[in-house]
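*Asks:* Any chance you can model this:
(2 chains)
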There are 2 protein chains.
Amino acid sequence: MARRSFWAWGTEDDEPTMAQVEEAARRAGERWGITIEPVPPPTIDEIELRPPRATVPEKLADTCSTDTHDRARHTYGKSFGDSVRAYRRDFTNPPDVVAFPRDEAEVVAVLEWCDQQGYIAIPWGGGSSVVGGLDVPADAPVAVAINLEKMDQVLEVDQTSRAARIQAGALGPQIEEQLRPYGLTLRHFPQSFEWSGLGGWIATRSGGHYATNHTHIDDFVESVRMVTPRGTWESRRLPGSGAGPSPDRLAIGSEGILGIITEAWVRVQARPVFRASAGVRFPTWEAGSEAARAITQSKLWPANCRLLDPQETQNAAGGDGTFAMLALGFESADVPQGDFLQHALRIAQEMGGTAPQEEIVIKDGESGDSEAGRQGAVGAWRNAFIRAPYARNINAGLGTVGDTFETSITWDRWPEFDRAVRDAVNEALQRVCGAGTLTCRFTHVYPDGPAPYYTYNGPGKRGGETEMWWAVKEAALEAVWANGGTVTHHHAVGRDHRPWYDRQRPDLFAASLHAAKKTVDPAGILNPGVLIDP
Amino acid sequence: MARRSFWAWGTEDDEPTMAQVEEAARRAGERWGITIEPVPPPTIDEIELRPPRATVPEKLADTCSTDTHDRARHTYGKSFGDSVRAYRRDFTNPPDVVAFPRDEAEVVAVLEWCDQQGYIAIPWGGGSSVVGGLDVPADAPVAVAINLEKMDQVLEVDQTSRAARIQAGALGPQIEEQLRPYGLTLRHFPQSFEWSGLGGWIATRSGGHYATNHTHIDDFVESVRMVTPRGTWESRRLPGSGAGPSPDRLAIGSEGILGIITEAWVRVQARPVFRASAGVRFPTWEAGSEAARAITQSKLWPANCRLLDPQETQNAAGGDGTFAMLALGFESADVPQGDFLQHALRIAQEMGGTAPQEEIVIKDGESGDSEAGRQGAVGAWRNAFIRAPYARNINAGLGTVGDTFETSITWDRWPEFDRAVRDAVNEALQRVCGAGTLTCRFTHVYPDGPAPYYTYNGPGKRGGETEMWWAVKEAALEAVWANGGTVTHHHAVGRDHRPWYDRQRPDLFAASLHAAKKTVDPAGILNPGVLIDP
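*Replies:* Numbering: from 1, shown residues only, chains lettered A, B, ... in the order given. The predicted model follows:
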């Protein structure tokens, strides 16, 4: 496999060619009625980094790297601002050292070194943070990024309980590949699936495959093992417990400020054999939303219940802009799913939905990967979903502005919330960019409310696009917060979401989290500035 | 309604008559081949309490009581040991004051008084603790039990999102009664349902109606409001979130050591219209267990999936001791459930189960309370379940020993775990009581393991039965702990489970919880000794 790109999503093979950039510049220019001068993508020989400010001790020589490519690759996450800065060859604040521990003892050794020296330790996960969760703090004396990519093994599989013990550095495809021989799957597919892994998912409360019921990785965690500067934190492996506040739920979402997750027992599943899916069209976004609510409240628990607004349906699922689409999917290793889908379709029809016959696929009883959910409008959406992060590799250098944000909100506030958020973001796009588009889909749906996911794009000014992006982002998050939503449903908080997160969480919870951090990380070396003030 | 009993489960009407006690003594004597001298139940005029060690300040005069009945009623929870001591008229360590705040301002005022004076504050919930969660610590200078029974209102109902804001003091029946006019239900039915309430359920991670999927109250909490000595902790109302570790999940299970929960938004549901249930017989406990596993792993998510061993089937569901029974139930407000039940029955049949036709009840499409799940063996089990806690009112005075304990364990360890626990408890019953019985059922079932619930009984020696009970309890908990289970699936930790809980939870989590407590309760007045050392 090609080497991971030091700046782009994916490998060096995924870096765009100059021809692709030129084509993208031409298209974006046409779209916004401006002229965009294409800029070639960065190459590693153009990058000169500040010399490392620390010397790796002898005993960590095999664990740590100060190589330029390694350090450049660990300078940024994958937010719009990160990508723009990387494309600009701006690597002014890289980590001094990158650690690649091969086992837990090496994780402990690296943390000990950091703790003793007062160096900042940044748990890097898969590096897919879009919230400033991996930044080297400006005032860090020395910063060490810790990448667990060499700890990528499924260590143990319990087929009876359908659970597996997996190292935190295993990326999505590595997990699935190692579980496949057992007929098992974790089936956790965040959009970052290819380049994010178990430890990062747990640390950031990643949102996965299931649109209803068990949506976050939280629900699949059976126990967590985490290394902190004061020792190891490991919970007992249990199917369920009521013994005090859940220790796992404090580790889950801790975004690297309490410790480095090294492995976890997670609940896995038999691979689906029975599948049924349909793309249901709705004359309006509102009608589709009411159907998603009714289906979720019926507790049929579809794996897929993703509603695209008319514009997203056009962009990603072959629509013409006149209808919204609800992608419904049911799956099971044990039970035919056709009846479940038919129940859901009846509910959808009551809400004004229509499902063209070619959009209904029921594959009951076929072994292996069936086609249900992989063709028609639902299949088109699926492919677009997985490919989306690669688009930024090209767009980051255009000078245009584009990003996503996501939240959740109770149904009673939903229609008004959507209007308020759209008004605020569209106003900001006009004000900041002079033009722009905003679309929305539901990624996950709960009985008490949807998790809407917004995507916006606008023309920008090269050199000013990070400030423009931030101005639009501020308007979006302010509207989300003011109208009752959460600052993030599954993208995490990091540093970027702090101003709104700080107003959202109970102050006494933040104080308690701070006290917990002081207990496990008294020197405050772990990812300072993320979630709480150091 | 009759006044709450100061010692028995329920009201004064539920206190046993002397004739009932005599009959119970005769039966138990026959059962164990011993002679039991019946002792009359206690009456309030027999109880003399230590005088209150504090004077209620003028401004709290309407909130607080030092009445003997009130103080006696708040001296104990409802564990076996509690009931025996109460029956013995042993009320040596009552709370000095009982507070009945009528609103949150009064909760704040009571906590302020305790905080300023260094008095111990004991959040009393519904008083149904079976784990020493309400005891007055021996070294408390003054203790104030805080009972929110006057805060029993459903404050707000959001029919669109199917959620309700409910005061923490509302007991199960009060919640259901106030939701019924809206066609809604919380549908959380712990065995203590009649005499426990929302605040206690949240503080103790109560296990409810649903045997699969959303089993604990945890899953139904949308947001929590909690008063602490350092102010109010309130989370934002959200259907789902990924913004840092969940603040609610630190409050949930905190057992009164962090604050007093005053109200919560909880997810409610439309009342079921469609129901389908069956009692499936299995030739062995092991075969039934395999069926429960397969059905749960199929993700059909039955509301009821309770497996009784042959002895429990005989005791509670009309069996003859030769077969185990799996009580299966499906329910929905929106979707007929017959197909779901048939799928589950097919799985059960593959595992050797048989469902007599009279044990299959499908009521699809009938409005109102249908009979499915309320007749046949399933119905018999249901009635026995709700009535069980009342039995202790009679048994507590016999001098016999009897209790329950519950846990959860992954499937891979289950059969061996069950054997080890049964061996240990049966050995202890022989050793301590000279005889005894032990039975088991699954109260909840997860894809990765069951939550077994054990019941034991043995002859005892009047005056020595609390020590005998504790000796059997120690053997049970030691076996549960040593074989990988949790010290509690839904009974909470309190003080009684501490020795095993302390070995179960990560030490660094306990230290973090301690630090969090110091933050919100610096004087350490809230339920000291529960969950962690003061």
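*Asks:* Checking the closest residue to A:Thr400 other than its chain neighbours next. Helix, strand or coil?
*Replies:* Ranked by C-beta to C-beta, 6 or more residues apart in numbering or on different chains and with sequence neighbours excluded, the top spatial neighbour of A:Thr400 is A:Gly460, at 4.8 Å. No exception for glycine: its C-beta is placed from N, CA and C like everyone else's. Secondary structure, DSSP: H, G, I helix; E, B strand; the rest coil: A:Gly460 is coil.
*Asks:* for A:Phe323, what are its contacts?
*Replies:* A:281-283, A:310, A:313 (C-beta atoms under 8 Å, 6 or more residues apart in numbering or on different chains).
*Asks:* which of the residues you listed has the most neighbours?
*Replies:* Neighbour counts for the contacts of A:Phe323, by other C-beta atoms under 10 Å in any protein chain shown, peak at A:Thr313, which reaches 30 neighbours.
*Asks:* contacting residues around that one?
*Replies:* A:319, A:321, A:323-325, A:377.
*Asks:* got a winner among those residues for most neighbours?
*Replies:* In terms of neighbour count, A:Met325 stands highest of these at 31 neighbours, by other C-beta under 10 Å.
*Asks:* quick one: that one is in a strand?
*Replies:* Yes. Residue assignment for A:Met325, taken from three-state DSSP, places it within a strand.
*Asks:* That one touches A:Leu307, doesn't it?
*Replies:* Yes. In this structure, A:Met325 is within contact of A:Leu307 by C-beta atoms under 8 Å, at 7.4 Å.
*Asks:* Quickly list what's touching both of these two.
*Replies:* Once C-beta under 8 Å, 6+ apart is applied, the residues that A:Met325 and A:Leu307 both contact turn out to be A:Gly288.
*Asks:* ok, back up a step: want to throw the contacts of A:Phe323 into a markdown table with distance to A:Pro452, secondary structure and pLDDT?
*Replies:* What follows is the contacts of A:Phe323, written out as a markdown table (distance: C-beta to C-beta, whole Å; DSSP: H, G, I helix; E, B strand; the rest coil; pLDDT from 0 to 100):
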| residue | distance to A:Pro452 | secondary structure | pLDDT |
| --- | --- | --- | --- |
| A:Arg281 | 19 | strand | 97 |
| A:Phe282 | 16 | strand | 98 |
| A:Pro283 | 19 | coil | 97 |
| A:Pro310 | 15 | helix | 97 |
| A:Thr313 | 15 | helix | 94 |
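*Asks:* any chance you could map the strands in the stretch 201-350 of chain A?
*Replies:* A:221-228, A:231-234, A:260-267, A:269-270, A:274-282, A:304-308, A:324-332 (DSSP state E, counting those that start in this stretch).
*Asks:* can you give me the mean pLDDT across the second one?
*Replies:* For strand A:231-234, the mean pLDDT works out to 98.
*Asks:* Ok, which of the strands of the stretch 201-350 of chain A comes nearest A:Thr354?
*Replies:* Put simply, out of the strands of the stretch 201-350 of chain A the one that sits nearest A:Thr354 is strand A:274-282, at 5.2 Å, with distance taken as C-beta to C-beta.
*Asks:* tell me what that closest one is packed against?
*Replies:* Under the contact definition 3 or more C-beta pairs under 8 Å, 6 or more residues apart in numbering or on different chains; DSSP states H and E, strand A:274-282 sits against helix A:285-297, strand A:324-332, helix A:338-350, strand A:360-363, helix A:376-395.
*Asks:* got the angle between it and strand A:304-308?
*Replies:* Relative orientation of strand A:274-282 with respect to strand A:304-308: 20 degrees, computed using axes from the mean of the first three to the mean of the last three C-alpha atoms, to 10 degrees.
*Asks:* okay, strand A:274-282 in PDB with CA atoms only?
*Replies:* Coordinates of the C-alpha atoms in strand A:274-282 are reproduced here as PDB (Å, rounded to 0.1, in the frame of the first residue of the first chain):
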ATOM      1  CA  PHE A 274     -30.900 -10.800   5.400                       C
ATOM      2  CA  ARG A 275     -31.200  -7.300   4.100                       C
ATOM      3  CA  ALA A 276     -34.000  -5.100   2.900                       C
ATOM      4  CA  SER A 277     -33.800  -1.500   1.800                       C
ATOM      5  CA  ALA A 278     -35.800   1.200   0.100                       C
ATOM      6  CA  GLY A 279     -35.400   4.700  -1.000                       C
ATOM      7  CA  VAL A 280     -38.600   6.600  -0.200                       C
ATOM      8  CA  ARG A 281     -39.400   9.900  -1.900                       C
ATOM      9  CA  PHE A 282     -41.200  12.700  -0.100                       C
END
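*Asks:* what number of residues lie near the nearest residue to A:Val530 once chain neighbours are set aside?
*Replies:* The shortest distance from A:Val530 to any residue that is not its chain neighbour, by C-beta to C-beta, 6+ apart, is 4.9 Å, and that residue is A:Glu255. Under the neighbour criterion other C-beta under 10 Å, A:Glu255 is assigned a count of 27.
*Asks:* Looks like A:Glu255 contacts A:His491 (just checking).
*Replies:* No. Because the distance of 11.1 Å does not satisfy C-beta under 8 Å, A:Glu255 is recorded as not touching A:His491.
*Asks:* residues shared between the contacts of these two?
*Replies:* A:Thr204.
*Asks:* which element is A:Val144 on?
*Replies:* strand A:143-146 (DSSP states H and E).
*Asks:* neighbouring contacts of that strand?
*Replies:* A:54, A:64, A:71, A:74, A:95-99, A:101, A:107, A:110-111, A:113-114, A:119-124, A:134, A:136-137, A:260.
*Asks:* Keep only the residues you listed that also lie close to chain B.
*Replies:* Restricting the contacts of strand A:143-146 to those within reach of chain B (C-beta under 8 Å from any C-beta of the partner chain) leaves nothing.
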